[in-house]
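K.L.:
heads up, no residue letters with this:
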Ligand SMILES: NC(=O)C1=CN([C@@H]2O[C@H](COP(=O)(O)OP(=O)(O)OC[C@H]3O[C@@H](n4cnc5c(N)ncnc54)[C@H](O)[C@@H]3O)[C@@H](O)[C@H]2O)C=CC1
Ligand SMILES: O=C(O)C1=N[C@H](C(=O)O)C[C@H](O)C1
């Protein structure tokens with residue numbers, strides 16, 4: 001498969017290595033000021049760039065008939081526009097706030113747990129995410145997806161960074177060293193605590209998930225999620 005990388009930073013380089021180990025070719029490494037490039041050589045594009053660059057990269061690929069996988073976080077105010085363009089152009093698009101296989105299981109576990117805790121008013125939920133100090137966005141995209149999973153399945157109405165009132169899910173964002181990504185959902189009562197946690201040990205899991213998504217989307221049209229890719233029930 002001929003893969004184009006949009007964004008050749010920490011994730012772009014990790015994806016290059018994982019993709020080559022799975023016998024794919026990297027046909028373009030597009031970063032800031034890359035100049036012209038040729039969409040016709042791309043079987044699929046993988047975008048891990050920056051919040052203000054993602055939508056332009058994604059829409060360029062869709063306009064040019066290239067299936068696109070995006071893991072960039074912090075640009076979701078334009079997500080609905082990307083979905084609409086993909087449908088209009090009969091394109092193929094997957095966005096995931098986190099491509100790690102473990103986190104995508106964690107997303108489903110989190111929803112199931114929220115349903116079970118829904119009527120247990122003794123427990124108050126809170127979330128924590130820890131990432132490296134170079135991260136531009138807070139809270140992380142993964143934390144937002146986790147919060148949305150709780151909101152869909154509970155009486156909580158919204159999430160907020162820091163301290164909150166009772167209808168809001170508090171999210172604490174910490175930036176420590178080169179931490180690849182740790183997410184915790186905690187339910188606390190006066191008598192006990194119940195916690196689910198995912199810890200990425202490095203960036204390889206994110207890259208592997210993105211390459212698996214790129215392989216899966218070949219020959220498909222539509223807007224999909226990692227739940228579709230991994231066939232999680
Ligand atoms: N969904 C997931 O599984 C994961 C998502 N991420 C997200 O991916 C993004 C990238 O993360 P990192 O690689 O760690 O960041 P990074 O800062 O190491 O790399 C980003 C690269 O994008 C480049 N860039 C800026 N504007 C661009 C443009 N217009 N076109 C192409 N490239 C451009 C930058 O020059 C830089 O090289 C972030 O939004 C991060 O939150 C990171 C890890 C996993
Ligand atoms: O910026 C990162 O590094 C990560 N970003 C994603 C996010 O915002 O959730 C995924 C992962 O946690 C690493």
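P.N.:
Right, received. Where do you want to start? From a predicted model like this one, the values you see are computed outputs, not experimental measurements. Ligands and ions are numbered 1, 2, ... in the order given.
K.L.:
need the helix or strand of the protein with the lowest average pLDDT.
P.N.:
Least confident helix or strand, the chain: strand 158-161 with a mean of 89, by mean pLDDT, DSSP states H and E.
K.L.:
kindly point out the strands partnered with that one and how each is oriented relative to it.
P.N.:
strand 168-175 (parallel) (DSSP bridges).
K.L.:
which helices and strands does the next helix or strand after the partner strand pack with?
P.N.:
Beyond strand 168-175 in the direction of the C-terminus, DSSP states H and E gives the next helix or strand as strand 182-188. Strand 182-188 makes packing contacts with helix 101-117, strand 124-131, helix 141-152, strand 193-199 when contacts are defined by 3 or more C-beta pairs under 8 Å, 6 or more residues apart in numbering; DSSP states H and E. For the C-beta atoms, the positions are set from N, CA and C on the backbone; glycine is no exception.
K.L.:
among these, which is the most enclosed?
P.N.:
helix 141-152 (a mean of 21; mean count of other C-beta atoms under 10 Å).
K.L.:
helices and strands around it, which ones?
P.N.:
Checking 3+ C-beta pairs under 8 Å, 6+ apart, helix 141-152 ends up next to helix 101-117, strand 124-131, strand 158-161, strand 168-175, strand 182-188.
K.L.:
redo these as JSON lines? Include distance to ligand 1.
P.N.:
JSON lines is the format used below for these (distance: least, C-beta to the nearest ligand atom, whole Å):
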{"stretch": "helix 101-117", "distance to ligand 1": "8"}
{"stretch": "strand 124-131", "distance to ligand 1": "8"}
{"stretch": "strand 158-161", "distance to ligand 1": "16"}
{"stretch": "strand 168-175", "distance to ligand 1": "12"}
{"stretch": "strand 182-188", "distance to ligand 1": "12"}
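K.L.:
nearest spatial neighbour of the residue nearest to the spatial centre of the chain, chain-adjacent residues omitted?
P.N.:
Centroid check for the chain by C-alpha atoms, centre = their mean gives residue 97 as the closest residue, at 1.3 Å. Leaving aside its sequence neighbours, residue 97 sits nearest to residue 141 (C-beta to C-beta, 6 or more residues apart in numbering; 3.2 Å).
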